[in-house]
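> After the sequence you'll find the predicted model.
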Amino acid sequence: MNAPQKNKKPIDWSEVKQRLETARIAIEHIWAPTAGETRRVLEERARSLAREPAQAESVDKWIEVVEFTLAHERYAIASEHVREVYPLEELTPLPCTPAFVLGIVNLRGEILSVIDIKKFFDLPEKGLTDLNKVIVLESEVMVFGIVADAISGVRRISRAGIQPPLPTLTGIREDYLQGVTAERVVVLDGGKLLSDEKLIVNEQV
């Protein structure tokens with residue numbers, strides 16, 4: 001014998017839609033923030049926005065520099081002006097150029113002039129110097145290398161800690177200095193070096 005079939009009740013789609021709508025409203029109510037929560041979020045955003053200028057101001061208090069030594073003296077230059085550092089190899093002297101121009105080097109097909117900043121600043125020579133590193137300085141209009149005995153590294157120094165140049169640093173030297181730190185690190189002005197026409201070698205043999 002066949003089992004008796006149960007009567008199937010038709011689906012009331014209007015009732016289903018009503019239940020879904022009720023569930024949606026309930027879910028939205030659950031996730032909707034209260035007035036207190038909304039105020040708390042807005043206050044947190046306001047504090048965050050207030051901190052951003054303070055952080056920017058804090059960054060302006062420091063300057064990142066590449067520090068190097070030359071003839072037992074310590075120098076530094078802002079890293080924003082430094083393109084790269086590489087060993088000084090195959091230096092080719094140039095005749096009829098100023099004494100501070102050591103020569104030119106071929107850096108991956110690019111011919112760069114190399115400057116001895118101690119001679120450019122007319123500073124006295126102190127002992128032997130290795131001159132085995134070249135710090136490439138670059139701007140939109142000029143690129144050249146300066147020599148160093150060794151690279152001490154990259155670090156940050158406080159702008160407030162940079163004191164005015166010493167009275168003994170006058171004339172051409174003072175024009176290219178940002179100042180001296182308490183550790184007696186001479187901070188060079190890379191922007192002025194890269195914009196000075198005196199460093200453009202245009203003499204002919």
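Looks like it arrived, so ask away. Numbering: from 1, shown residues only.
> Could you use CA atoms for every contact and neighbour count after this?
Will do.
> what's the weakest-modelled helix or strand in this structure?
When the helices and strands of the chain are compared on mean pLDDT, DSSP states H and E, helix 35-60 comes out lowest with a mean of 64.
> Residues contacting the next helix or strand after that one, please?
The C-terminal neighbour of helix 35-60 among helices and strands, as given by DSSP states H and E, is strand 62-70. Applying Cα atoms under 8 Å, 6 or more residues apart in numbering, the set of residues contacting strand 62-70 from outside is 74-80, 82, 129, 131, 147-159.
> in the helix or strand hosting residue 191, what's buried?
Using DSSP H and E, the secondary-structure element containing residue 191 is helix 190-194. Residues of helix 190-194 classed as buried: 190-191, 193-194 (neighbour count, 16 or more other Cα atoms under 10 Å).
> helix, strand or coil for residue 95?
Classification of residue 95 by DSSP: H, G, I helix; E, B strand; the rest coil places it in coil.
> Look up how far residue 121 lies from it.
When distances are taken as Cα to Cα, to the nearest Å, residue 95 and residue 121 turn out to be 20 Å apart.
> what does residue 108 give?
In this structure, residue 108 and residue 121 are 29 Å apart, going by Cα to Cα.
> Between those two, which is the more surrounded one?
For residue 108 against residue 121, the residue with the higher neighbour count under other Cα atoms under 10 Å is residue 121, and the figures read 17 against 6.
> what's the offset of the helix holding residue 191 from the middle of its chain?
Relative to the centre of its chain, helix 190-194 is centred 16 Å away, using Cα atoms, centre = their mean, to the nearest Å.
> list the helices and strands that helix packs on?
Contacts of helix 190-194 with other secondary structure elements, assessed using 3 or more Cα pairs under 8 Å, 6 or more residues apart in numbering; DSSP states H and E, are made with strand 133-138.
> Now do the strand it packs on, average pLDDT.
With pLDDT averaged residue by residue, strand 133-138 scores 94.
> what lines up beside the helix or strand following it in the sheet?
Using DSSP H and E, the helix or strand that follows strand 133-138 towards the C-terminus is strand 143-148. Applying DSSP bridges, strand 143-148 is found paired with strand 110-115 (parallel), strand 133-138 (antiparallel).
> for the helix or strand just after strand 143-148, packing partners?
Going down the chain from strand 143-148, the next helix or strand is strand 150-158, by DSSP H and E. Applying 3+ Cα pairs under 8 Å, 6+ apart, we find strand 150-158 packed against strand 62-70.
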